[in-house]
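*Asks:* Prediction below, plus the sequence it came from.
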Amino acid sequence: QKEVEQDPGPLSVPEGAIVSLNCTYSNSAFQYFMWYRQYSRKGPELLMYTYSSGNKEDGRFTAQVDKSSKYISLFIRDSQPSDSATYLCATNSGGYQKVTFGTGTKLQVIP
Amino acid sequence: DAGITQSPRHKVTETGTPVTLRCHQTENHRYMYWYRQDPGHGLRLIHYSYGVKDTDKGEVSDGYSVSRSKTEDFLLTLESATSSQTSVYFCAISATAASVTNEQFFGPGTRLTVL
């Protein structure tokens, strides 16, 4: 079993839709939860991070962590074609510890 | 983009040949990482470095070696390339351990094909 599981998609939505991207993880020691965005043929870039359980909002993006169910979510409101990318969830236990990445969900926002 | 470059950006090579990929950073970050990215597997850590001449293995280190003689450069060497090493290779850097999230900044990637 992988430490972080993520549905690969692809997920196709119309412009303006609310998008929900999800991951599950198995290691209770994970404390920090991150979402990276990767455009085609580019390196991943950090989008958001959260610590422990709770929500964090940044513009149209909301990251949510439920440690009791080991579930991580990223919500995108008013999705735009420019949001079309692969979204990777990631987690680690803090400091310079190894970051564990999900396999990524490919999102396409159709104009 | 964070000041990370990778060279070459694309390479085609033959089975059995040695290959060296270079990662160069201008951010003076202490930690550097090499990942490979493959469909169905996501990003997997090959090796990482926590300082000049200080390196350690990741989860898929077999067949790979690394060297870091300067803060800004981290080299990944495939001693004898195999077709299973066909992949996209990403270098990443992160700041000191004070950065508790271990936010990593990624380079543009090197697309390697082993025939």
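*Replies:* Good, I have the coordinates.

*Asks:* Now that residue B:12 has come up, it's in contact with residue B:113, right?
*Replies:* Yes - with contact defined as Cβ atoms under 8 Å, residue B:12 reaches residue B:113; the gap is 4.6 Å. Every C-beta, even on glycine, is put in place using the N, C-alpha and C of the backbone.

*Asks:* Looking at those two, which is more packed in?
*Replies:* Neighbours around residue B:12 and residue B:113, counted as other Cβ atoms under 10 Å in any protein chain shown, are more numerous at residue B:113. The numbers are 14 against 10.

*Asks:* what sits against the more buried one?
*Replies:* B:11-13, B:86 (Cβ atoms under 8 Å, 6 or more residues apart in numbering or on different chains).

*Asks:* starting at the chain centroid, how far to the helix or strand where it lies?
*Replies:* Secondary structure assigned from DSSP states H and E places residue B:113 in strand B:110-114. Between the centre of strand B:110-114 and the centre of its chain there are 13 Å (Cα atoms, centre = their mean, to the nearest Å).

*Asks:* wait, doesn't residue B:48 sit right on residue B:33?
*Replies:* Yes - under the criterion of Cβ under 8 Å, residue B:48 is in contact with residue B:33, at a separation of 4.4 Å.

*Asks:* if you count what's nearby, which of these two comes out ahead?
*Replies:* For residue B:48 against residue B:33, the residue with the higher neighbour count under other Cβ under 10 Å is residue B:33, and the figures read 26 against 23.

*Asks:* Quickly list what the more buried one is bridged to.
*Replies:* For residue B:33, the beta-bridge partners under DSSP bridges are residue B:48, residue B:92.

*Asks:* Which pLDDT value goes with it?
*Replies:* With respect to pLDDT, residue B:33 has a value of 94.

*Asks:* Over to residue B:95?
*Replies:* According to the per-residue confidence, residue B:95 scores 79 in pLDDT.

*Asks:* tally of neighbours for it?
*Replies:* The criterion is other Cβ under 10 Å. On that basis, residue B:95 has 17 neighbouring residues.

*Asks:* Can you give me the distance of it to residue B:76?
*Replies:* Shown here: residue B:95 relative to residue B:76, a distance of 21 Å by Cβ to Cβ, to the nearest Å.

*Asks:* which one is residue A:20 nearest to, not counting chain neighbours?
*Replies:* The spatially closest residue to residue A:20, leaving aside those adjacent along the chain, is residue A:75, at 5.6 Å (Cβ to Cβ, 6 or more residues apart in numbering or on different chains).

*Asks:* Tell me who's in contact with the residue of chain A found nearest chain B.
*Replies:* With Cβ to the nearest Cβ as the measure, the residue in chain A that lies nearest chain B is residue A:43; the distance is 3.3 Å. Under the criterion of Cβ under 8 Å, 6+ apart, the contact list for residue A:43 reads B:4, B:90, B:92, B:106-109.

*Asks:* Determine which two of these are furthest apart.
*Replies:* Using Cβ to Cβ, the pair of the contacts of residue A:43 lying farthest apart is B:92 and B:108, separated by 11.4 Å.

*Asks:* Would you map the strands across chain B?
*Replies:* In order along the chain, chain B carries the following strands (DSSP state E): B:4-7, B:10-13, B:19-25, B:31-38, B:42-51, B:54-57, B:64-70, B:73-78, B:87-94, B:104-106, B:110-114.

*Asks:* Out of those, flag the one nearest residue A:104.
*Replies:* Closest approach to residue A:104 among these (Cβ to Cβ): strand B:42-51, 5.9 Å.
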